[in-house]
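Asker: build the 3D model from these lines:
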Amino acid sequence: MKKIYAKLYCIHKSIDEKRGTKKMKSHVKFFVVLLSALFLFAGNAYGGWGGNPCNPCGKKKNVCNPCNPCSKMSKSYSALVKKGKKLWNNEKLGNSGVSCMSCHMNHENLNLDKVGTFPHYVAMPDKVVTLDQMINYCMITPMEAKALPWDSIKMTALASYYQEYIKSYKEAKKRLQPM
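Answerer: From the prediction side, this is the model:
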């Protein structure tokens, strides 16, 4: 709060200095200071001074947030992929006893030849979805679990592993193609 008041004082002071000996009318000065205050408060509310957990200079560090550089998991992509692989194969991730691998062993049911990367249309939810939305659809519907928060380590790990998993499909397909 002290920083905000200090900035407002500096703005107010610079207005007086720019006008020289002629003083601005008080209602104009008040309006300028008020607009400046709104701008400063809005900046703070939207992460200007550390409100955004993905801001590496942010004051509040959320160590669970994968986009936070202080998060242990986000420092290593390979660690995220490793965690994602464990989750991908974990039948206890949901309540139905199936894992991601149960439906997608050997890249089955991914339609990689037809649809490519996300976002794209998927028949099960009957709409165009992003990868995160598809992960949550699978969590809720076949796996009977709660949706994962978009900024959770589990979501980031599953999405990271998926990216590596589809790379292995592309590599296997190249090996099988005749030369």
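Asker: what average pLDDT does the lengthiest helix in the chain get?
Answerer: For the chain, the helix that runs over the most residues, judged by DSSP state H, is helix 153-176. Per-residue pLDDT values across helix 153-176 average out to 87.
Asker: name the element the closest residue to residue 146 other than its chain neighbours belongs to?
Answerer: Counting by C-beta to C-beta, 6 or more residues apart in numbering, the nearest residue to residue 146 once its immediate chain neighbours are dropped is residue 139, at 7.0 Å. C-beta here means a position set from N, CA and C on the backbone, and glycine is covered the same way. Taking DSSP states H and E as the definition, one finds residue 139 inside helix 131-140.
Asker: list the contacts of residue 85.
Answerer: Residues in contact with residue 85 (C-beta atoms under 8 Å, 6 or more residues apart in numbering) are residue 161.
Asker: now it: which helix or strand?
Answerer: helix 77-88.
Asker: enumerate the positions of the very next helix or strand once past that helix that are buried.
Answerer: If you walk from helix 77-88 toward the C-terminus, the next helix or strand you reach (DSSP H and E) is helix 100-104. By neighbour count, with 16 or more other C-beta atoms under 10 Å as the criterion, the buried positions of helix 100-104 are 100, 102, 104.
Asker: next up, the contacts around residue 95.
Answerer: By C-beta under 8 Å, 6+ apart, the contact set of residue 95 is 143, 144, 145.
Asker: burial count for residue 145?
Answerer: Burial measure for residue 145: 16 neighbouring residues, criterion other C-beta atoms under 10 Å.
Asker: before we move on, what about residue 77?
Answerer: What residue 77 shows, counting by other C-beta under 10 Å, is a neighbour count of 13.
Asker: perfect, I'm done here.
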